[in-house]
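> Turn this into a model:
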Amino acid sequence: MYVTPRPDVREDPLFAVRLALIGTLGYAAIPLLDPALPAVIAALPLGIIAGTRKAFVPVKALAGPLILIVLVFAMTWLVEHLVPMPAIFLGVMWLLYFLGFREILRTGTPLGMLVIVVVLIMSVMGMHGTATVEVLRDDLALAALVALVLAPLVYALLPAHTREVQVDNPLPSPGNITIGAAIRATVLLGLSFWLYSVMSPSDLTMALVAAMVIVFPTRGMVWGEAGQRVRATLLGAACATFVLSVFLLSSHLPILLGLIFLIGLWLGNKMLNGHHPSMVYQYAFSVALSLIAGALSTQDPAYASFTRIVLTLAGAFSAAFAVALLDSLLGWRDQRST
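The predicted structure is shown next:
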């Protein structure tokens, strides 16, 4: 599985400022667009844009949001037609999970991850009814359009110093990847029902944690990623608590946006030179934005933080344990590739 490298301050000294600006502008779009699920608009553009390294590549910046929009509308159509037929719906969900995981293990590229993320959140929310999945479809498409606008804007304002384009070097996983993909698809299918039973649509950002954990091909990487996601969630919750505590003293939008910019700037600098992998800090910023948006829209701040942390801990470690156990029992990494 390809992991985005740490940004280089010599090539992109304005990276932290750009990251903070993306989060701030994404949140500023919420009162203008008035989405049903503000956390989606707050966090998703950051996740799409912040993985860029070195020089800005317009094709990559356009491809991600456009592919997301196509997948979201395709999954909405699929979910609305298959939910009335539960057995077929479950089979199609498992097959799409399997194909996504197999593509990741076969090539190492993150394209399969996008498929898995869309299938997971659309299918879980689709179990709540067609109205819910249509609201989610509209907000995800809206968030992708926000990312489509913000990416060229922030890079025009704060360009990287290098003109070198980042060349990804994904590595395929060894072994019988068909078995590895089947294990991960089965675990994620079971987890989908758990997520449906315990979370509301406003909590969907945390539904992605387990999928991001179990995508990694080795037991050590699975447990390591689980620990990183939990660490990032706790860090993001701490940042959100700080922002909300200060905001309660002076409840004005410019104050809130300024606080979001400050935590984004701090986490962006940590991405450049922090002790943990850079994705920990990037994900922490996404978590903080999601928590802030959710807390100020529909939920009590303390309750929002607590439920998301519990979901992250339970989902990440349960999924990691199940995948690690099945990987060890079946030993697919030592078998011949198929």
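> Touching stretch 47-58 from outside, list them.
4-5, 7-8, 11-12, 19, 22, 60-61, 64-65, 68, 144, 147, 150-152, 154-155, 159-160, 162-166, 282, 285-286 (Cβ atoms under 8 Å, 6 or more residues apart in numbering). From N, CA and C alone the C-beta is placed, and that goes for glycine too.
> Show me how to select, in PyMOL, the buried members of those residues.
Provided next is the PyMOL selection string for whichever of these are buried by 16 or more other Cβ atoms under 10 Å:
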select buried, resi 4+7+11+12+19+22+61+64+65+68+144+147+150+151+154+155+160+166+282+285+286
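> Would you mark the buried spots in whichever strand or helix holds M75?
Secondary-structure element containing M75, defined by DSSP states H and E: helix 58-82. Neighbour-count burial for helix 58-82, counted by 16+ other Cβ under 10 Å, picks out A61, G64, P65, L68, I69, L71, V72, M75, T76, L78, V79, L82.
> Please name the residues that touch the nearest residue to V115 once chain neighbours are set aside.
Nearest residue to V115 in three dimensions, chain neighbours excluded: G100, at 4.0 Å (Cβ to Cβ, 6 or more residues apart in numbering). Shown in contact with G100 (Cβ under 8 Å, 6+ apart): G112, M113, V115, I116, V119.
> ditto for N269
With Cβ under 8 Å, 6+ apart, N269 has these contacts: A16.
> mind listing the helices for the protein?
All helices of the chain, identified by DSSP state H, fall at 15-33, 38-49, 58-82, 86-107, 111-126, 130-157, 177-198, 208-214, 219-249, 253-273, 278-297, 301-330.
> before we move on, the earlier item: just the buried subset of the contacts of G100, please.
A residue is treated as buried here by neighbour count (16+ other Cβ under 10 Å); on that basis the buried members of the contacts of G100 are G112, M113, V115, I116, V119.
> Adding pLDDT and distance to G175, write the residues you listed out as a markdown table.
What follows is the buried ones among the contacts of G100, written out as a markdown table (pLDDT from 0 to 100; distance: Cβ to Cβ, whole Å):
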| residue | pLDDT | distance to G175 |
| --- | --- | --- |
| G112 | 76 | 17 |
| M113 | 78 | 19 |
| V115 | 83 | 21 |
| I116 | 84 | 20 |
| V119 | 87 | 24 |
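> Going by distance to G264, which of these wins?
Closest to G264 out of the buried ones among the contacts of G100 is M113 (23.4 Å), distances taken as Cβ to Cβ.
> hmm, back to that, between the helices of the chain, which gets the lowest average pLDDT?
Across these, helix 208-214 has the smallest mean pLDDT, namely a mean of 61.
> now E11, nearest residue through space, not along the chain?
In space, and not counting its chain neighbours, E11 is closest to T162: 4.1 Å by Cβ to Cβ, 6+ apart.
> you'd agree the one you found is up against D12?
Yes: in terms of Cβ atoms under 8 Å, T162 counts as a neighbour of D12; the distance is 6.9 Å.
> hmm, back to that, distance of the residue nearest to V115 relative to L188?
According to Cβ to Cβ, to the nearest Å, G100 and L188 sit 9 Å apart.
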